[in-house]
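Engineer: Next one to model:
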Amino acid sequence: MTKPGQRKVRVGVVTSNRMNKTIIVRVERVERHPRYGKYVRRWTNLWAHDDTGLTQVGDKVRVIETLPLSKKKRWRLLDIIEGGRAPVLGAETTPILSQDTEQSQGQAIARGDV
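Structural biologist: Okay, here's the model as predicted:
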């Protein structure tokens, strides 16, 4: 339970990023059925503000509650947990083209074409 004045934080999966600076995040929870006692999976779709535009469908993200930004937007993107195109600091990026060229050159040498 959160204290008064603390903002809620939820973790979910991006289901849509088609809108400009807005994403829809699906937050799942497991509840026990009141009558039958079976555990039931339920979900809520949250509209969240994404300033960066780095999220893609299927990314696992963390959103935080905020003041209303529009009719349905009450959440803001906090960070991307898994996936996405967020750059990793210190990671070397190798262009895909050079990797393909090196592989094709290696195959040409192995066949004796060179």
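Engineer: how about stretch 54-62: buried residues?
Structural biologist: L54, T55, D59, V61 (16 or more other CB atoms under 10 Å). The C-beta positions use only the backbone N, C-alpha and C, and glycine is treated the same way.
Engineer: What's the end-to-end length of it?
Structural biologist: Stretch 54-62 has an end-to-end distance of 13 Å (CA to CA, to the nearest Å).
Engineer: what residues does it touch?
Structural biologist: Here stretch 54-62 makes contact (CB atoms under 8 Å, 6 or more residues apart in numbering) with 9-17, 23, 25, 48, 77-86.
Engineer: Are any of those residues buried, and if so which?
Structural biologist: For the contacts of stretch 54-62, buried by 16+ other CB under 10 Å: 10, 12-14, 17, 23, 25, 48, 77-78, 80, 83-84.
Engineer: quick check, nearest of these to T66?
Structural biologist: Nearest to T66 among the buried ones among the contacts of stretch 54-62: A48, at 8.8 Å, using CB to CB.
Engineer: Hmm, the closest one is touching K21, no?
Structural biologist: No - A48 lies out of contact with K21 (CB atoms under 8 Å); the separation is 9.8 Å.
Engineer: Out of the buried ones among the contacts of stretch 54-62, list just those in strands.
Structural biologist: Using DSSP state E to define strands, the subset of the buried ones among the contacts of stretch 54-62 located there is R10, G12, V13, V14, N17, I23, V25, A48, L77, L78, I80.
Engineer: Alright, that wraps it up for me.
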